[in-house]
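In: only geometry, no sequence info:
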C-alpha cells in the first residue's frame, strides 16, 4: 500500500506566540479585500491592503530583529509561508530604507522622470506639507522624518 502524503505544515516552536496576531491581521486583510470600493479611485481601493501587508511584515521584522523574541527558524518559516514580504524586510535592513512603506515607492519605472515616490522626500524638503503616495497611500516614509 502506498504512503499517504499529507499537507500538514509543521509549525516551529514559538508559533503559538505570534499566531493570534497573524490570524487577526489575515482577517483584516480578507475584510479589506472584500470591502466595496464605491466612490474611491482605483488606486485608493488597494491602500488598505498595502497597509495591512506592511503591518504584517513589520510585526515579524520587529519580533526578530529588534526585540529578538522569535527564533531564526520561526522567522524563516514566516517568510517562506508568505506571512511577511522578504524583499521589503531586506530593504528595511539597509540604511535609508528603515521606514519604507512599499517596494513600489522606490521603483523608478513607476514614476515620472525615473525618480522615486513623493512619500520618500523628507518632510522639511517638501513644498506641500500634506501629500499621499498614489501607490499605497503613504504620507511619508523617508528615514529623515
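Out: Structure received. Owing to the predicted nature of the structure, the values given are computational and were not obtained by experimental measurement.
In: elements contacting the helix or strand where residue 20 lies?
Out: Residue 20 is part of helix 15-34 when elements are defined by DSSP states H and E. For helix 15-34, the elements it packs on are helix 47-61, helix 72-80, judged by 3 or more Cβ pairs under 8 Å, 6 or more residues apart in numbering; DSSP states H and E. Quick note: C-beta positions are derived from backbone N, CA and C, even for glycine.
In: Identify whichever of those helices lies nearest to residue 119.
Out: helix 47-61 (11.7 Å; Cβ to Cβ).
In: So what touches that closest one?
Out: With Cβ atoms under 8 Å, 6 or more residues apart in numbering as the test, helix 47-61 has contacts from 18, 21-22, 25, 28-29, 32-33, 35, 70, 75, 78-79, 83-85, 88-89, 92, 101-102, 135-137.
In: just to revisit the earlier point, can you put the helices and strands packed on helix 15-34 in a markdown table and add mean neighbour count, distance to residue 113 and mean pLDDT?
Out: Compiled in a markdown table, the helices and strands packed on helix 15-34 are given as follows (neighbours: other Cβ atoms under 10 Å; distance: least, Cβ to Cβ, whole Å; pLDDT from 0 to 100):
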| stretch | mean neighbour count | distance to residue 113 | mean pLDDT |
| --- | --- | --- | --- |
| helix 47-61 | 18 | 23 | 94 |
| helix 72-80 | 16 | 34 | 96 |
